[in-house]
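Peer 1: Predicted model and sequence below, questions to follow.
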Amino acid sequence: MNDFLSRLADTIASRRPERGGSPDASYVARLLSKGPDAILKKIGEEATETVMAAKDGVPEKIVYETADLWFHCLVMLEYYGLRPEQVVAELARREGLSGLDEKSSRQLK
Ligand SMILES: N=c1c2ncn([C@@H]3O[C@H](COP(=O)(O)OP(=O)(O)OP(=O)(O)O)[C@@H](O)[C@H]3O)c2ncn1[C@@H]1O[C@H](COP(=O)(O)O)[C@@H](O)[C@H]1O
């Protein structure tokens, strides 16, 4: 999975206008060239569509909308010069740490 996300992130990075991505030929180039407000608006829309799909409970719709959401998050990460490997590394750092334990340690601080 990590390999695929890395490859997709590389494709997205290659669509940066300064790397020759053309807004006429590429959805990603078009979205990157519109800037952060347009990218973040798409994430908001896709998050809402994911929630609605989950409420409907149709597995294919949940997978489809979650893919749209993840994809647009990858575009957002690229816009800010970040990589999916960094998100996976953060999840890996949390592996085995109960969310409840983490929350109570924060409340002690
Ligand atoms: N995985 C995706 C992917 N998932 C979703 N989308 C596009 O994201 C858009 C989702 O927006 P909506 O569903 O809201 O549809 P819409 O109403 O047409 O969108 P808007 O006009 O509102 O932006 C659609 O145009 C989808 O085609 C994607 N576009 C590209 N990719 C990947 O990115 C690569 C590079 O794409 P290009 O930059 O277009 O070459 C592709 O080879 C794919 O691997």
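Peer 2: Great, that's in hand. Every value quoted in this text rests on a predicted model; they were computed, and no experiment measured them.

Peer 1: do you know how far residue 74 is from residue 102?
Peer 2: 26 Å (Cβ to Cβ, to the nearest Å). (Each C-beta comes from the backbone N, C-alpha and C, glycine too.)

Peer 1: Okay, and the nearest residue in space to residue 47 that is not next to it in sequence sits in which element?
Peer 2: Leaving aside its sequence neighbours, residue 47 sits nearest to residue 69 (Cβ to Cβ, 6 or more residues apart in numbering; 5.8 Å). Following DSSP states H and E, one finds residue 69 within helix 59-79.

Peer 1: Setting aside sequence neighbours, what's the nearest residue to the spatially most central residue of the chain?
Peer 2: Closest to where the C-alpha atoms of the chain average out (Cα atoms, centre = their mean) is residue 73, at 2.0 Å. For residue 73, ignoring the flanking residues on the chain, the nearest one in space by Cβ to Cβ, 6+ apart is residue 43 at 6.3 Å.

Peer 1: Likewise for residue 13?
Peer 2: Spatially, and ignoring its direct neighbours in sequence, residue 13 is nearest to residue 78 (5.5 Å; Cβ to Cβ, 6+ apart).

Peer 1: Over to residue 84?
Peer 2: Nearest to residue 84 is residue 5, by Cβ to Cβ, 6+ apart, at 4.4 Å.

Peer 1: Between helix 59-79 and the helix or strand harbouring that neighbour, find me the angle.
Peer 2: Using DSSP H and E, residue 5 falls within helix 2-14. Computed by axes from the mean of the first three to the mean of the last three Cα atoms, to 10 degrees, the angle separating helix 2-14 from helix 59-79 equals 50 degrees.

Peer 1: buried ones in the following helix or strand past helix 2-14?
Peer 2: Next helix or strand after helix 2-14 toward the C-terminus (DSSP H and E): helix 27-34. Residues of helix 27-34 classed as buried: 28-32 (neighbour count, 16 or more other Cβ atoms under 10 Å).

Peer 1: got JSON lines for these, with pLDDT and distance to the ligand too?
Peer 2: JSON lines is the format used below for those (pLDDT from 0 to 100; distance: Cβ to the nearest ligand atom, whole Å):
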{"residue": "28", "pLDDT": "98", "distance to the ligand": "3"}
{"residue": "29", "pLDDT": "98", "distance to the ligand": "6"}
{"residue": "30", "pLDDT": "98", "distance to the ligand": "8"}
{"residue": "31", "pLDDT": "98", "distance to the ligand": "7"}
{"residue": "32", "pLDDT": "98", "distance to the ligand": "9"}
